[in-house]
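> what follows is a predicted structure for the sequence shown.
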Amino acid sequence: MARVLLLFGGRSAEHDVSCTSAVAIHDALVEAGHRVIPVGIDRDGDWWIVDTTLRPFRPEGRPAALRLPDGRLLVGDSAINYDVVFPVLHGPYGEDGTMQGVFEIAGKPYVGCGVLPSALAMDKDIAKSMFENAGIPTSRWSVVRGTEFRSDPTGTSASILEDLGSPVFVKPAELGSSVGITKGESVDEVERGIARALEYGEKVVIEEFIAGREIEVAVLDGPRTAMAGEVKSAGEWYDYTSKYEDAASDFQAPADLPDHRMAEVRALAERAFAAIECRGLARIDFFYLDGGRGFLINEVNTMPGFTPISGFPKMWEASGMTYAELCNELVRLALPE
């Protein structure tokens, strides 16, 4: 069994989701027989060895630091070694290639995608361009940068609606868990939505509205795909509240799809996984328009939510792999053979 450095929290707006995911992953890895070293990163970027008896986990406790270039974990006068990192970090400073780069420098294996695919997937604009180049259908989109928007907010918003139609979804280009996303039907709503998205970064992606089903596919190295699942949102769309707080929202796995459509979306997920050179794991999200444009890729999540109600583990559970087995498999995939 391995010594696993479990990293969670982080500086992004998805901090709380990460903390929730870490509790379940910690317990699953302990159940599988691993020695888990839980380290929380607070919103200022400081590292802490946490007390796992306090639930949910909080990034506080004994101060810790990572030493480079050997990657040892410094706690007081001790230097703790470990075999593999499980970085359950979502969003910027964790899922975007930055933390992956740190462990590449340290020469430490880690769960999940490497620097390049992590960075590509985090930028919705770049990722959609990559998928389009690979021949994977996607929705139409536009990009707005802060300098462009601030020079003419109303004109920029009106131009977007003219190009994409109404309504549209306005998203921070480099954030997940539906944080900062708004729906805009008028110039005023789009303008407000862009202003809000710019609070999270200087690049905003605006996508055409797709009135379709939301289908997700969980992928592991191989690539291997689970049976696809479907988001059943209690809200108008699957926002942060629907994902993590609304008990009426549901995730159905497997999705109710004909066999040939299930095979089609799983094949598309494998192509997307390969297109940006993912490894370890990813969740590939699609829209599905039955009888119309078919499956349209939405985005790739290189470290999807791992809470007990998250889609990624639910899809593997529906395919015969328990949560504990999944976490153990991810550690196995990360360790050198």
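Structure's in. What do you need? Residues are numbered from 1 along each chain as shown.
> name the nearest residue to residue 336, sequence neighbours excluded.
residue 109 (6.1 Å; C-beta to C-beta, 6 or more residues apart in numbering). C-betas here are computed from N, CA, C, even on glycine.
> that neighbour contacts residue 84, correct?
Yes. Using C-beta atoms under 8 Å, residue 109 is in contact with residue 84, at 5.0 Å.
> which neighbours do the two have in common?
334-335 (C-beta atoms under 8 Å, 6 or more residues apart in numbering).
> the residue nearest to residue 336 and residue 66: what is the separation?
Residue 109 sits at a distance of 15 Å from residue 66 (criterion: C-beta to C-beta, to the nearest Å).
> quick one, which of these two is more surrounded?
Neighbour totals were compared for residue 109 and residue 66, and residue 66 leads with 20 against 17 (other C-beta atoms under 10 Å).
> the closest residue to that one other than its chain neighbours: neighbour count?
Nearest non-adjacent residue to residue 66, counting by C-beta to C-beta, 6+ apart: residue 73, 6.2 Å away. A count of neighbours around residue 73, defined by other C-beta under 10 Å, yields 19.
> please apply the same query to residue 33.
Residue 33, neighbours per other C-beta under 10 Å, totals 9.
> what do you get for the one 10 residues further on?
Using other C-beta under 10 Å, residue 43 has 12 neighbouring residues.
> quick check: it vs residue 91, distance?
In terms of C-beta to C-beta, residue 43 sits 12 Å off from residue 91.
> which SSE is immediately downstream of the helix or strand hosting residue 147?
Assigned by DSSP states H and E, residue 147 belongs to helix 146-151. On the C-terminal side of helix 146-151, the nearest following helix or strand under DSSP H and E is helix 153-164.
> packing partners for that following helix?
If contacts are counted by 3 or more C-beta pairs under 8 Å, 6 or more residues apart in numbering; DSSP states H and E, helix 153-164 sits against strand 141-145, helix 187-197, strand 203-208.
> hmm, try it at 10 Å
Helices and strands touching helix 153-164, by 3 or more C-beta pairs under 10 Å, 6 or more residues apart in numbering; DSSP states H and E, are strand 141-145, helix 146-151, strand 168-172, strand 182-184, helix 187-197, strand 203-208.
> adding mean neighbour count as columns, could you present those in CSV?
Output for the helices and strands packed on helix 153-164, formatted as CSV (neighbours: other C-beta atoms under 10 Å):
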stretch, mean neighbour count
strand 141-145, 18
helix 146-151, 13
strand 168-172, 25
strand 182-184, 18
helix 187-197, 20
strand 203-208, 22
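> could you dump the ones you listed to a markdown table with mean pLDDT?
Formatted as a markdown table, those follow (pLDDT from 0 to 100):
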| stretch | mean pLDDT |
| --- | --- |
| strand 141-145 | 97 |
| helix 146-151 | 96 |
| strand 168-172 | 95 |
| strand 182-184 | 95 |
| helix 187-197 | 97 |
| strand 203-208 | 97 |
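> turn those into CSV, including distance to residue 230.
Formatted as CSV, the helices and strands packed on helix 153-164 follow (distance: least, C-beta to C-beta, whole Å):
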stretch, distance to residue 230
strand 141-145, 23
helix 146-151, 34
strand 168-172, 19
strand 182-184, 20
helix 187-197, 26
strand 203-208, 20
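> where does this structure have its least confident helix or strand?
Lowest by mean pLDDT, DSSP states H and E among the helices and strands of the chain is helix 240-244, with a mean of 52.
> the next helix-or-strand element following it - contacts with which helices or strands?
Later in the chain than helix 240-244, the nearest helix or strand by DSSP H and E is strand 250-252. The contact analysis (3+ C-beta pairs under 10 Å, 6+ apart) places strand 250-252 against strand 229-232, helix 311-318.
> so for the next helix or strand after the longest one, mean pLDDT?
Yep, that's helix 311-318 we're talking about. Counting by DSSP H and E, the next helix or strand C-terminal to helix 311-318 is helix 323-334. What helix 323-334 shows for mean pLDDT is 97.
> so which bits of helix 323-334 are buried?
323-331, 333-334 (16 or more other C-beta atoms under 10 Å).
> same question, stretch 297-315
So, applying 16+ other C-beta under 10 Å, buried residues of stretch 297-315: 297-307, 310-315.
> one step back: I figured the residue nearest to residue 66 hits residue 6, correct?
No. Between residue 73 and residue 6 there is no contact under C-beta atoms under 10 Å: 11.4 Å.
> now for the two: what residues contact both?
With contacts defined as C-beta atoms under 10 Å, 6 or more residues apart in numbering, the residues shared by residue 73 and residue 6 are 37, 39, 82, 85.
> brilliant, that's me finished.
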